[in-house]
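**Q** mind folding the following:
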Amino acid sequence: QADTTQTAFHLALRRYVIREGQITYIDSSAGLYVRLVGLQHTGRGDFSQDRVGLATETEISQLFLRMDETSYLSGQRFEADLELDLNLPVQEYRIQKGRFKLNDLLLEINGMVSLPDTQTTVLDMQFAAPQASLRSLLSLVPAVYKKGYEDLTTEGTLSLSGYVQGELRDTHLPAFGLKL
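**A** Reported below is the predicted structural model:
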């Protein structure tokens, strides 16, 4: 006779790795194109519970993002180190510790994203650039827009912080603030 005893699902990953990955995502209906080149990613987490602690490290050699005919990223470097608390039954995802670096600009991020229903995303996020400089901010400008500014020199630091808070659905956008 077959054993029909129920057992709990258990998946604890000591470590998972993606090396030299390449990902291309195209959504023609939204006019969206995303391409990741040179993806290096590692993570670890215990997926055996309803609440999951997940730690990841990611590096992307070249990141491309185009919406409609506008290129927002054209080969910039990207790094991310995240410590996440995922509450899967209620679809609430907290960034306990987040560090993102795009080219030379480092952002620290923490907060929460939840999905209370299929149409709504609730955001409560804060971010800051603790070591920002004018040079790191200008490192985000794609080369095509720098024509004529190749010899530009920059000096100085800046303070950058902000938040995104509220619901995102249909035509409703969350509140946001940026302090520069």
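
**Q** packing partners for the helix or strand of the chain with the lowest mean pLDDT?
**A** Across the helices and strands of the chain, mean pLDDT, DSSP states H and E gives its lowest value to helix 134-138, namely a mean of 78. Where contact means 3 or more Cβ pairs under 8 Å, 6 or more residues apart in numbering; DSSP states H and E, helix 134-138 is packed against strand 105-117. Glycine gets a C-beta too; all of them are placed from N, C-alpha and C.

**Q** next, the angle strand 105-117 makes with the next helix or strand along the chain from the strand it packs on.
**A** Scanning forward in sequence from strand 105-117 by DSSP states H and E, the next helix or strand is strand 120-129. Per axes from the mean of the first three to the mean of the last three Cα atoms, to 10 degrees, the angle that strand 120-129 makes with strand 105-117 is 170 degrees.

**Q** buried ones in strand 120-129?
**A** Within strand 120-129, the residues scored as buried using 16 or more other Cβ atoms under 10 Å are 122-123, 125-129.

**Q** where exactly do the strands run in this structure?
**A** 12-27, 32-46, 51-67, 70-87, 92-102, 105-117, 120-129, 160-168, 175-179 (DSSP state E).

**Q** okay, these in JSON lines with distance to residue 152 next?
**A** What follows is these, written out as JSON lines (distance: least, Cβ to Cβ, whole Å):
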{"stretch": "strand 12-27", "distance to residue 152": "33"}
{"stretch": "strand 32-46", "distance to residue 152": "27"}
{"stretch": "strand 51-67", "distance to residue 152": "23"}
{"stretch": "strand 70-87", "distance to residue 152": "18"}
{"stretch": "strand 92-102", "distance to residue 152": "20"}
{"stretch": "strand 105-117", "distance to residue 152": "17"}
{"stretch": "strand 120-129", "distance to residue 152": "20"}
{"stretch": "strand 160-168", "distance to residue 152": "20"}
{"stretch": "strand 175-179", "distance to residue 152": "23"}
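
**Q** if we can go back for a sec, and which of the buried residues of strand 120-129 is nearest residue 80?
**A** Lowest distance from residue 80 to those (Cβ to Cβ) belongs to residue 127, with 12.8 Å.
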